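Asker: Need a 3D model of the following:
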Amino acid sequence: MSVRPEALEWSIDNCTVGRAMEILGERWTLVVLREIANGIRRFDDMRVRTNIPRQVLTNRLAMLVDSGVLRKVPYQEPGARMRHEYRMTDMGFDLWPVMVAVLQWGDRYLADPEGSPLSAVHRDCGAEVHSYLRCDAGHEVDNPRDVLARPGPGAHRRS
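Answerer: Prediction:
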């Protein structure tokens, strides 16, 4: 006899993972954020560096601005029309741990034999930065199997 998972008793209608993935889940979103974190903030520079199709990049940047992850900053080259650069907002900077975790995962499973083409380092000392799980009591969680998902304060029972 199989045991019915308790999670089936709870609604996912207001799930923040689902809401986050509405913003982050498209293929190019983290690539755009990687570029901006690397100082590539202008549309044409992003196009040249990533080969993201023009309309996809336009849509992705607009969605990230509308979602509050990025903000547009006007600039104008001499003799050219006004254009915009894209900068991270506080909401965007709060995605750094996610970016570092994705980088670590990619380095572990997908890097070329010579290693990763990118590293995240601490600006002050130059040491590599890593993402870790830690509970509120200060314990570092080494094994993801030691993390339990359970209903939070905003959880609603399914009707």
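Asker: From now on I want contacts and neighbour counts done on CA atoms only, so please keep to that.
Answerer: Will do.
Asker: quick one, what contacts Arg47?
Answerer: The neighbours of Arg47, taking CA atoms under 8 Å, 6 or more residues apart in numbering as the test, are 53-54, 57.
Asker: Confirm that it sits in a helix.
Answerer: Yes - judged by DSSP: H, G, I helix; E, B strand; the rest coil, Arg47 forms part of a helix.
Asker: do you know how far it is from Glu77?
Answerer: From Arg47 over to Glu77 the distance is 18 Å, taken as CA to CA, to the nearest Å.
Asker: Need the contacts of Arg47 in a markdown table (columns: distance to Glu9).
Answerer: Shown next, in a markdown table, are the contacts of Arg47 (distance: CA to CA, whole Å):
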| residue | distance to Glu9 |
| --- | --- |
| Pro53 | 42 |
| Arg54 | 44 |
| Leu57 | 40 |
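Asker: Let's test this: what are the backbone torsions at the residue nearest to Gln76 when sequence neighbours are not counted?
Answerer: Once flanking residues are discounted, Gln76 sits nearest to Met82: 4.7 Å by CA to CA, 6 or more residues apart in numbering. Phi and psi for Met82, reported as degrees, to the nearest 10, are phi -60, psi 130.
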